[in-house]
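Asker: coordinates only, sequence not included:
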Ligand SMILES: Nc1ncnc2c1ncn2[C@@H]1O[C@H](COP(=O)(O)OP(=O)(O)OP(=O)(O)O)[C@@H](O)[C@H]1O
């Protein structure tokens, strides 16, 4: 961490993450300029914006993988789960062993570890695949293992960077539904980076549209996440209208 980097602090009650006036430069080029955002406990918030506007940098600062140069970063002190586009599973380890990895990395394996990993696999519908290796799983199943690994420690906050972008449309929508179901069940918050307007609208309670040069939030719009029920919201007129509003904000951000 550079000497000027800001340290993270725990957020206030009811808040999952807050960035206040966060700035970040790479080699003298300002990538984020006094960016502020707040995510409430249990909320799903998507970051949407043109390529290079700083979505991943924002997520990496929240994750603590990148230091901010200025501003305040408030995030949970008791761990968070991170899922990237590449599920980054260990190819030589079974699905079960991949899910136990966070405990092995932190040296906290105990008599309950395997049962917790099996429960996390069951949460994503993969209890029967515990003994399979990544090469024996489809792309969607590998991503489910990565989600189980991110959730196995029961984090309050999940950070996801285009996690379903490499999947086909059917697998992607199924995982969007899965994530909403898991959130209803476990109550975690999500910061979700995506390039897909329908995905952002489907999943999110709120959508933050970013613009580049330097990266900042230029619009905030409601998604369907909070209203998600059993039916498919993507076929409703309300869904189409929300998508049109987000697309218009995205066009204005260019
Ligand atoms: N470690 C780094 N060193 C130098 N420049 C970086 C670094 N990380 C990101 N950048 C630059 O910061 C800018 C924002 O990158 P970032 O990956 O956050 O954008 P993004 O909105 O997530 O893009 P995309 O949608 O294409 O994934 C880009 O110009 C990128 O080249």
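Answerer: Thanks, I have it. Small disclaimer: the values here were computed from a predicted structure and weren't measured.
Asker: Am I right that residue 58 sits in a helix?
Answerer: Yes: counting by DSSP: H, G, I helix; E, B strand; the rest coil, residue 58 is found in a helix.
Asker: State the number of residues packed around it.
Answerer: Residue 58 has 29 neighbouring residues, counting by other C-beta atoms under 10 Å. All C-beta spots, glycine's among them, are computed from the backbone N, C-alpha and C.
Asker: The most centrally placed residue in the chain pairs with what?
Answerer: The residue lying closest to the centre of the chain (C-alpha atoms, centre = their mean) is residue 160, at 2.2 Å. As for beta bridges, residue 160 partners with residue 83, residue 192 under DSSP bridges.
Asker: quick one: pLDDT of it?
Answerer: Residue 160 is assigned a pLDDT of 94 by the prediction.
Asker: Quick one: name the residues of the stretch 51-200 of the chain near the ligand.
Answerer: 51, 52, 53, 54, 55, 56, 57 (C-beta under 6 Å from any ligand atom).
Asker: Provide a list of residues in contact with the residue lying closest to the third one once chain neighbours are set aside.
Answerer: Which is residue 53. Leaving aside its chain neighbours, residue 53 sits nearest to residue 212 (3.8 Å; criterion: C-beta to C-beta, 6 or more residues apart in numbering). Counting by C-beta atoms under 8 Å, 6 or more residues apart in numbering, residue 212 touches 49, 50, 52, 53, 54, 253.
Asker: where's the dip in pLDDT among these?
Answerer: Looking at the contacts of residue 212 by pLDDT, the weakest one is residue 253, with 85.
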